[in-house]
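In: Give the three-dimensional model of this entry:
(chains A, B and C)
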Amino acid sequence: MYVAVKGGERAIANAHRLLEHERRGDRNVPEIGTEQIDQQLSLAVDRVMSEGSLYDRGLAALAIKQARGDLIEAIFLIRAYRTTLPRFGFSQPLDTGRMAIRRRISSTYKDLPGGQVLGPTFDYTHRLLDFALAAEGDPAAPVTAPVDTEAHFPRVTDLIAQDDLIERNPPADPAKPVGDLTREPLAFPADRDLRLQNLARGDEGFLLALGYSTQRGYGRNHPFVGEIRMGEVEVEFEIPELGLTVSLGEVTLTECQMVNQFKGSLTEPAKFTRGYGLSFGHCERRAMSMSLVDRALRADELGEERKSPAQDEEFVLSHSDNIQATGFVEHLKLPHYVDFQAELALLRQMRREFTARNSDHHPEAAE
Amino acid sequence: MPDAEAARPNPHSRAAVMDLLARATRDELAAPLKAHWPDLPFTAIRAPEIGLVMLRGRMGGDGAPFNLGEATVTRAVIELATGERGYGQFLGRDPAHAEKAAILEALAQRAGDRETVERTVLAPIRQRLAEEARQKRAATAATRVDFFTLVRAEG
Amino acid sequence: MSLAGFDNPVLDQQATFRAVMQALAEPGRILPAGARVGDASPLGPVARAIALSLLDFEVQFHLAPSLAEAEGDITFHTGSRRTDRRDDAEFAFVTLARDALDLAAYAQGTPDYPDRSTTVIIKVESLAGGPAMTIRGPGIAGTRRLEIPGLPADFAAQWAANAGRAPLGVDLIFVTNEAVLGLPRSTRIIEEAR
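Out: Sure thing, here's the model as predicted:
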């Protein structure tokens, strides 16, 4: 039962004003601008865009500032904002094969067409704090090298596919509408399109832990990074009344193609299987984790026994969303005075009954 | 970016013009409009509006589509006094900029203005994008790995 | 060819939505439309404002024969698609004086999703001065008089059948060039003028 309790308005208003004051911090320190967040905390912006499920760097930077750097709070602000906007339609499917590559690596082929391109990466850094950053100073300009204008970057999985050694991706079925969990509530079993949408906006920490669990043997699927690529991809949108498809600009994406354990049957020769990860911005850890979990969730389809958390789609998809999770966990701190009083009354009654019962059973002891 | 243009059989087609206008900075539209077409009369057919487009990916990069997440988009449609309708649309939130893109898209259809739009608006955008892409590719190219194969000495 | 849309899409759509919501909350009451846009449209400025506010690319609409020419305009502004099937449409547009009205032909919703029924927007010349009916139901204190001229002879019977499908059934929005009047499925006609 819910009983409305009123009061606390002034305390709430004052608490919010205090929050604003604390957000600003010491006023002798220059205020941070959203452009600074966009440019200098760009990976935080990428994470908020991914899990907020809204590609808009300026909004994500604003949300991070308003949330004092609490990224889940920032994601919450973005999710709330997106509900205020009308939807114009769907883009044409993003063609990551035509990505303007800024990073592209493979752990399966050393010498692949287009080469291994490291791009801006934390890999191979020594993880030593750079105290020079505590002071100000511009870093050196990047080194440049001649560009091979003929260079192109075929997908590694396409190279394996040429020999028919890897499963084909499921083709588009024009008769089947693409599932959208922002429109229809998630139901189980969920098709792979809905699973990928759910994972794409899922909490990075949750995906990382699940991906890790598959490596430690909970639903092991022997992954190799076929390819990770990051760069800019054109967003194309159809204007139906003109019969034209035009570019709306470009977005930065990170894609991970995981090549996994093969299996065969009496009728099918053995083949590698795939897991797929795609993320807004430069979010490599999340794209990799997503591809591991995507592959684990294909257990039924591939005839594998489902016995680990990462293979349990109800468990994974119902708990991946950090806004749902934080809402339910954090609601516990809101007033529960009335239900708690009811529990307290019940507990006292049970103890009274317990005492009475015990004294009935041992009448002599009471004397 | 240059990929999209390369994909257009005709770089001066209406779609190619819209592709470029979608990448323009505010100043790249505002300055030429003010210099060459000040106080141009037009009617808003679809007043500038901010909304969302759901971006779709494909399973495994080339398989069946799925919904990845949304992006903010601004769009506008205007009509010039001479009847041309112009469309402006791009990622992000900027209603005034969308209206300017729509006006220039309409002007690009008007025979007497096409050349000025090309020279003062489209060519500079094309040039800037090419230069940005070149710098990005040159910096990326420097991070390409050259492997040294170590040969074990035998006997 | 499409006409100009709202001057101020956000505020005009909010005002239109508010007027429609109010009309459905106070059935049978004549209320000023929230916004008017495009006098030249066959829909008229009020029904067109409703179309531009409530439709989007995720719904389909049906046009009665008298309004067929409005298709391109609605599609341009809303991204919504026209359907030939009345029972497939989230929204339908009808001119009372020129089209047949058959409420049972529209989508009625499903037991799991009663909201998936058609909202029928009906263009009328006037909302007052016709034969009086008495209505009651949620949103009406006591009873209210409904005097829409030109309703078909079997309207009360059709409306009773619609009520018989509760919680399914269609909702009606009557519009003139200035005003709106709502008749949600929960309203009952309790007395019909003879």
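In: Tell me who's in contact with residue A:299.
Out: A:219, A:305, A:306, A:311 (Cβ atoms under 8 Å, 6 or more residues apart in numbering or on different chains). For every residue, glycine as well, the C-beta is placed using N, CA and C.
In: In ChimeraX, how would I select the buried members of the residues you listed?
Out: The command below creates a ChimeraX selection of those among those that count as buried (16 or more other Cβ atoms under 10 Å in any protein chain shown):
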select /A:219,311
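In: Just flag the most distant two among the contacts of residue A:299.
Out: A:219 and A:305 (9.3 Å; Cβ to Cβ).
In: Where does the prediction get shaky in chain B?
Out: B:1-7, B:9, B:149-150, B:153-155 (pLDDT under 70).
In: give me every residue that touches residue A:257.
Out: Residue A:257 neighbours (Cβ under 8 Å, 6+ apart): A:155, A:156, A:157, A:225, A:226, A:227, A:228, A:274, A:276, A:291, B:60, B:61.
In: Quick check: beta-bridge partners of it?
Out: Bridge pairing for residue A:257 (DSSP bridges) gives the partners residue A:227, residue A:276.
In: Give me the nearest residue to residue A:78, chain neighbours excluded.
Out: residue A:52 (3.0 Å; Cβ to Cβ, 6 or more residues apart in numbering or on different chains).
In: Surely residue A:249 is in contact with residue B:94?
Out: No. The criterion here is Cβ atoms under 8 Å, and residue A:249 misses it with residue B:94 at 11.6 Å.
In: Check the gap between the residue nearest to residue A:78 and residue C:173 for me.
Out: 36 Å (Cβ to Cβ, to the nearest Å).
In: higher neighbour count, those two?
Out: More neighbours surround residue A:52 than the other of residue A:52 and residue C:173, with 27 against 23 (other Cβ atoms under 10 Å in any protein chain shown).
In: check which helix or strand covers the residue nearest the centre of chain A.
Out: By Cα atoms, centre = their mean, chain A has its centre lying nearest to residue A:202, at 3.5 Å. Assigned by DSSP states H and E, residue A:202 belongs to neither a helix nor a strand.
In: which residues touch it?
Out: Contacts of residue A:202 (Cβ under 8 Å, 6+ apart): A:51, A:290, A:320, A:321, A:322.
In: how about the last one, what does it touch?
Out: Each residue near residue A:322 by Cβ under 8 Å, 6+ apart is listed here: A:51, A:72, A:75, A:202, A:203, A:206.
In: just the residues you listed now: which is nearest chain B?
Out: Among the contacts of residue A:322, residue A:51 lies closest to chain B (Cβ to the nearest Cβ), at 9.1 Å.
In: Look up the closest residue to residue A:197, ignoring the ones flanking it.
Out: residue B:67 (4.7 Å).
In: ugh, wrong one, residue A:213
Out: Using Cβ to Cβ, 6+ apart, the closest residue to residue A:213 is residue A:310 (5.5 Å).
In: you'd agree that neighbour is in a strand?
Out: No. Counting by DSSP: H, G, I helix; E, B strand; the rest coil, residue A:310 is not part of a strand but helix.
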